[in-house]
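> requesting a structural model of the entry that follows:
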Amino acid sequence: MDIKSNHAAPVLTDPVPINKPRLGIYSSLLAYSPSGAAFSSSLYLTIPRKKPGKLDDVRSSSWLDTMKSSSPPRKKLTKDFSIDVATNDADVTYRNWMLKYPSALTSFEQITNYAKEKKIVLFLDYDGTLSPIVDDPDCAFMSNSMRSAVKNVAKYFPTAIISGRRRDKVNEFIGLTELYYAGSHGMDIMGPVKNSVADDHPNCIRSADKQGKAVNLFQPASEFLPMIDEVFRSLVENTRGIKGAKVENNKFCASVHYRKVDEKVIVASWTTVAEIVHDILKDYPRLRLTHGRKVLEIRPVINWDKGKAVEFILESLGLSNCDDVLPIYVGDDRTDEDAFKMLREGNQGYGILVSSMPKESNAFYSLRDPSEVMEFLKSLVRWKKLSAL
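Numbering: from 1, shown residues only. Below is the predicted model:
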């Protein structure tokens with residue numbers, strides 16, 4: 001397969017029928033196959049492509065605007081009265097925003113009242129949710145107290161981590177065997193085998209974790225690995241001269257971090273980063289760009305996201321389409337919105353957005369920062385212990 005071909009996508013045809021599980025999602029998730037193989041028509045996401053260009057196209061496609069809106073500046077503490085007024089205004093705006101997205105801590109009784117007689121399944125993002133956002137992504141360590149809170153909550157509720165990072169990397173950061181892990185925005189899942197789905201999909205196989213525990217390994221974008229590796233190497237080579245830029249290989253996506261770019265030349269540097277990513281991406285019509293907090297991510301164009309990952313894990317647990325199950329997803333990034341949306345539209349559970357700034361979301365509730373996430377997890381454990389008395 002010519003993975004750098006810039007020609008039109010191949011003709012899409014229906015795949016060979018497979019057994020359809022209760023969720024009815026797998027037939028639309030087949031990854032790209034070698035040339036000549038059949039594709040699922042619902043797999044390919046139509047992404048508009050502009051004609052190849054450089055800076056003008058980058059600007060016209062609003063990449064720079066999106067990069068800026070995805071990366072709000074940090075608040076600076078000062079005694080200057082005008083800044084204090086602005087800060088107070090921001091606090092008022094945040095409190096008003098919380099009328100629409102109330103705190104999951106102050107609303108905890110409401111959440112648990114609804115959870116009575118239900119089985120809670122917990123889904124957690126990592127960066128910005130369990131760990132603080134830091135300049136160096138390799139140093140995004142969670143605290144020991146947070147690790148203890150996650151370990152304790154996993155004793156009482158099935159708990160999964162769904163991160164944009166490589167699965168093995170986030171596993172290494174957390175270091176807990178009690179959890180299920182999904183990396184690369186849910187494109188690399190090591191999940192439960194209570195309800196076997198391995199026989200229903202060619203990209204799901206029965207495997208074992210490092211402790212020898214049986215798990216299902218699901219990688220719906222496995223065909224994209226050579227392409228992502230090639231893009232990663234190109235990004236590393238082309239960003240080598242940009243001080244502060246860092247490229248991370250997250251297995252099924254390539255991430256370009258610009259958090260440490262020199263703020264004194266931030267516009268020019270961000271422009272250069274955007275131009276490099278744009279020039280590389282235009283040669284890969286089967287890849288798409290998504291934005292995070294001071295990060296650009298190149299991902300496969302498949303019908304799969306964190307919301308689909310939540311569905312898959314629930315199916316693996318034998319808990320999908322159950323009236324007595326309450327999924328709760330806690331996350332802070334744009335990619336978590338897919339999970340929030342799935343829970344909201346299906347009226348299945350609650351999304352909780354972690355944010356100290358107002359922004360539109362599909363979540364039901366909010367938490368300000370990882371410290372409030374930790375308090376929420378501890379509250380769940382206390383509630384579960386009391387309800388067992």
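> right, and Gly318 touches Lys194 too?
Yes. Shown here, Gly318 and Lys194 form a contact pair, counting by Cβ atoms under 8 Å, at 5.1 Å. Placement of C-beta: from N, CA and C, glycine included.
> more neighbours, those two?
Neighbours per residue, other Cβ atoms under 10 Å: of Gly318 and Lys194, the larger number sits with Gly318, 14 against 11.
> buried set for the strand or helix carrying Lys378?
Assigned by DSSP states H and E, Lys378 falls within helix 370-387. Neighbour-count burial for helix 370-387 flags 370, 372-374, 376-377, 379-381, 383-384 (criterion: 16 or more other Cβ atoms under 10 Å).
> so which elements touch that helix?
Helix 370-387 sits against helix 108-115, strand 119-124, helix 144-156, strand 350-354, with contacts defined as 3 or more Cβ pairs under 8 Å, 6 or more residues apart in numbering; DSSP states H and E.
> tell me the most buried of these?
Mean neighbour count (mean count of other Cβ atoms under 10 Å) peaks for strand 350-354 among those, with a mean of 25.
> quick one: the helices in the stretch 151-300 of the chain?
For the stretch 151-300 of the chain, applying DSSP state H, counting those that start in this stretch gives helices covering 167-174, 225-238, 266-281.
> out of the ones you listed, nearest to Gly349?
helix 167-174 (22.0 Å; Cβ to Cβ).
> identify all contacting residues around the closest one.
With contacts defined as Cβ atoms under 8 Å, 6 or more residues apart in numbering, helix 167-174 is touched by 126, 130-131, 140-142, 147, 150, 161, 163, 165, 181-184, 188-190, 250-251.
> so which of the helices and strands packed on helix 370-387 is nearest Ser222?
strand 119-124 (22.6 Å).
> so what's Asn250 up against?
Applying Cβ under 8 Å, 6+ apart, the residues near Asn250 are 164-166, 169, 183-184, 297.
> same list (those residues) but as a markdown table, adding neighbour count, distance to Gln110 and pLDDT.
Output for these, formatted as a markdown table (neighbours: other Cβ atoms under 10 Å; distance: Cβ to Cβ, whole Å; pLDDT from 0 to 100):
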| residue | neighbour count | distance to Gln110 | pLDDT |
| --- | --- | --- | --- |
| Gly164 | 27 | 30 | 93 |
| Arg165 | 26 | 32 | 94 |
| Arg166 | 20 | 37 | 94 |
| Lys169 | 20 | 36 | 94 |
| Gly183 | 27 | 33 | 96 |
| Ser184 | 28 | 34 | 95 |
| Glu297 | 22 | 35 | 92 |
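> from those residues, which is closest to Ser366?
Gly164 (20.4 Å).
> touching, the closest one and Met187? I think so.
No. Gly164 is beyond contact range of Met187, at 9.7 Å (criterion: Cβ under 8 Å).
> please enumerate the strands of the stretch 151-300 of the chain.
With DSSP state E, counting those that start in this stretch as the definition, the stretch 151-300 of the chain shows strands at residue ranges 159-162, 180-183, 188-191, 204-208, 214-218, 246-249, 254-257, 287-292, 295-300.
> which one of those lies nearest to Asn96?
strand 287-292 (25.7 Å).
> can I get the closest one in PDB, CA atoms only?
Below are the C-alpha coordinates for strand 287-292, written out as PDB (Å, rounded to 0.1, in the frame of the first residue of the first chain):
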ATOM      1  CA  LEU A 287      -5.200  11.200   8.600                       C
ATOM      2  CA  ARG A 288      -6.800  14.200  10.300                       C
ATOM      3  CA  LEU A 289      -5.900  16.900  12.800                       C
ATOM      4  CA  THR A 290      -7.300  17.500  16.200                       C
ATOM      5  CA  HIS A 291      -6.500  20.200  18.700                       C
ATOM      6  CA  GLY A 292      -5.700  19.900  22.500                       C
END
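> just the pLDDT for Gly331.
The per-residue pLDDT reported for Gly331 equals 98.
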